[in-house]
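**Student:** Sequence first, predicted model second:
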Amino acid sequence: MQKIITEKIGDKLIVLLQGDVNAADVRLSRRLQPPRAAPLECHLWIDCASIQCVKTHGFCHFINQLLLLKSPQVKITLLNMSPLHQKLLQAMHLTSFFSVLPDFEEAYHMVQAC
């Protein structure tokens, strides 16, 4: 099951996914669309250490879900990704689509530095 946590840091909206990635989840799509009155920079963080769909459906399914979520308004960051999955991402020539960071601390530093 997909766990969605939302946090606001300044003018940035952070949406953290844990447990699974399901691009069809209505709760997720609502959270990725900030209110029009106060447009926020939207960051989607995915904790790859807890993603179940890679184990059940495979890495290509996971990448497909990420590409469905990708938009100009949403910056996707993959956290805690295994070295093997990082190599697969490089082999698929998808490293320019997503940021890959080792942990949450690095992600918080990245968001605060922007």
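**Tutor:** Structure received.

**Student:** Show me where the chain dips below the pLDDT cut-off.
**Tutor:** 34-38 (pLDDT under 70).

**Student:** show me where this structure has strands.
**Tutor:** 3-9, 12-18, 41-47, 74-79, 99-101 (DSSP state E).

**Student:** In TSV: the ones you listed, plus mean neighbour count and distance to Phe59.
**Tutor:** C-beta coordinates here come from the backbone N, C-alpha and C atoms, glycine included. Output for those, formatted as TSV (neighbours: other CB atoms under 10 Å; distance: least, CB to CB, whole Å):
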stretch	mean neighbour count	distance to Phe59
strand 3-9	13	20
strand 12-18	20	16
strand 41-47	21	13
strand 74-79	19	12
strand 99-101	17	14
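
**Student:** out of the ones you listed, which comes closest to Asp25?
**Tutor:** Comparison of these against Asp25 by CB to CB identifies strand 3-9 as nearest, at 7.6 Å.

**Student:** chain center to that closest one: distance?
**Tutor:** How far strand 3-9 lies from its chain's middle: 11 Å, per CA atoms, centre = their mean, to the nearest Å.

**Student:** Could you name the helices and strands sitting against it?
**Tutor:** Contact here means 3 or more CB pairs under 8 Å, 6 or more residues apart in numbering; DSSP states H and E; on that basis strand 3-9 packs against strand 12-18, helix 26-31, helix 104-113.

**Student:** change it to 7 Å
**Tutor:** strand 12-18, helix 26-31 (3 or more CB pairs under 7 Å, 6 or more residues apart in numbering; DSSP states H and E).

**Student:** what lines up beside the longest one in the sheet?
**Tutor:** Using DSSP bridges, strand 12-18 pairs in its sheet with strand 3-9 (antiparallel), strand 41-47 (parallel).

**Student:** before we move on, the earlier item: the helices and strands packed on strand 3-9: which one's closest to Lys75?
**Tutor:** Between Lys75 and those, the shortest gap by CB to CB is with strand 12-18, which sits at 9.3 Å.
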